[in-house]
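1. build me a structure from this.
(chains A and B)
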Amino acid sequence: DVKVTQSSRYLVKRTGEKVFLECVQDMDHENMFWYRQDPGLGLRLIYFSYDVKMKEKGDIPEGYSVSREKKERFSLILESASTNQTSMYLCASSSDRVVAPLHFGNGTRLTVT
Amino acid sequence: QKEVEQDPGPLSVPEGAIVSLNCTYSNSAFQYFMWYRQYSRKGPELLMYTYSSGNKEDGRFTAQVDKSSKYISLFIRDSQPSDSATYLCAMSSGGSNYKLTFGKGTLLTVNP
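-> From the prediction side, this is the model:
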C-alpha cells in the first residue's frame, strides 16, 4: 500500500515566519504534488514535481516555493507566512504523470496568527 | 462556467438508502474520471477510477460516466454509517496535461 506521510498534523506559526512542510512517499513515485484545501474553494494545486530537482507551478504558487532533493521527499516552503495561508495542506504522489490517480497524505493543518 | 460543478450538500440519508452523487463538467477533453472519499481529518482516498464513458462497479459502489451530457455519477447501494464522508469528483484530459481538476466535494451523512 502506498504511504504518503506528512511530518506534522497541526502547525501554528506567526506571520512572517518561514515555514517548512515536509512530505515523504514510500512507493518510488515519480510525481509529487502539494495542494491546499479550503472550505468552499476545494482542492487547489500549489506546485508539483515530476522528477528530482524539477518543479512546476500549479494554480496558486504565489507565496510558496518547493524543494525536491530526493525522489521520496517533497517540501513546501512558505517564505513569509501570512494569515491568508491558514489552510489544510495536502501532499500527494502518483506513479504516472498523466493517468495514475493520486495518493494523498493525511494533511497538515496550518494556522498562521 | 466552472470547469467542474459538484453539489456541496450536505446530504443526509438513512442507513440502507441508495445514494446518488453527481458532477457536471464543461471541458469535453476530460476522459479520465475519479471519485475520492475523504473522511474527517484525513486525506482523500481513491474510491473509483474510470476511463471514458460507461459504468464501473465495485461492491456497493457504481461509477457512471456520460460524456455526451458531461455528467458523472457515483451510486452507493445499501449505504452504511461508515460511508459518511466528503466525496470528491476529479477528472483529467490525460495526454500531456497532468492536471487533475477536482469538484468541491459533497458531504454525505448516513444515519443509523
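2. contacts only, for the residue nearest to A:Ser87 when sequence neighbours are not counted.
-> Of all residues not flanking A:Ser87 in the chain, A:Arg36 sits nearest, at 4.4 Å (CB to CB, 6 or more residues apart in numbering or on different chains). All C-beta atoms are positioned from the backbone trio N, CA, C, and that covers glycine. Counting by CB atoms under 8 Å, 6 or more residues apart in numbering or on different chains, A:Arg36 touches A:43-44, A:46, A:60, A:87-90.
3. go through those and name the one nearest B:Tyr25.
-> Closest approach between the contacts of A:Arg36 and B:Tyr25, by CB to CB: A:Leu43, at 15.3 Å.
4. and the helix or strand that the closest one is a member of, how far out from the chain's middle?
-> For A:Leu43, the host element (DSSP states H and E) is strand A:42-49. Relative to its parent chain, strand A:42-49 has a centroid offset of 7 Å by CA atoms, centre = their mean, to the nearest Å.
5. near chain B, which residues of chain A?
-> Contacts of chain A with chain B, taken as CB under 8 Å from any CB of the partner chain, map to A:4, A:31, A:40-43, A:45, A:48, A:50, A:90, A:92, A:97-99, A:101-107.
6. and those, which are buried?
-> Burial by neighbour count, judged by 16 or more other CB atoms under 10 Å in any protein chain shown, picks out A:4, A:31, A:42-43, A:45, A:48, A:50, A:90, A:92, A:101-107 from those.
7. ok, now which ones touch the spatially closest residue to A:Val12 that is not a sequence neighbour?
-> Nearest non-adjacent residue to A:Val12, counting by CB to CB, 6+ apart: A:Thr111, 4.8 Å away. Contacts of A:Thr111 were listed using CB under 8 Å, 6+ apart, and they are A:10-13, A:86.
8. which of those count as buried?
-> Buried members of those, counted by 16+ other CB under 10 Å: A:11, A:13, A:86.
9. could I get those as TSV with secondary structure and pLDDT?
-> Below are these laid out as TSV (DSSP: H, G, I helix; E, B strand; the rest coil; pLDDT from 0 to 100):
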residue	secondary structure	pLDDT
A:Leu11	strand	96
A:Lys13	strand	97
A:Thr86	coil	98
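10. closest to chain B out of those residues?
-> A:Leu11 (14.6 Å; CB to the nearest CB).
11. now do the strands in chain A.
-> A:4-6, A:10-13, A:19-25, A:31-38, A:42-49, A:56-57, A:64-70, A:73-78, A:87-94, A:103-104, A:108-112 (DSSP state E).
12. repeat that for chain B.
-> B:4-6, B:11-14, B:19-25, B:32-38, B:45-51, B:54-58, B:61-66, B:71-76, B:85-92, B:101-102, B:106-111.
13. what angle separates the fourth one from strand B:45-51?
-> It stands for strand B:32-38. 170 degrees (axes from the mean of the first three to the mean of the last three CA atoms, to 10 degrees).
14. now strand B:32-38, how far from the centre of its chain.
-> 5 Å.
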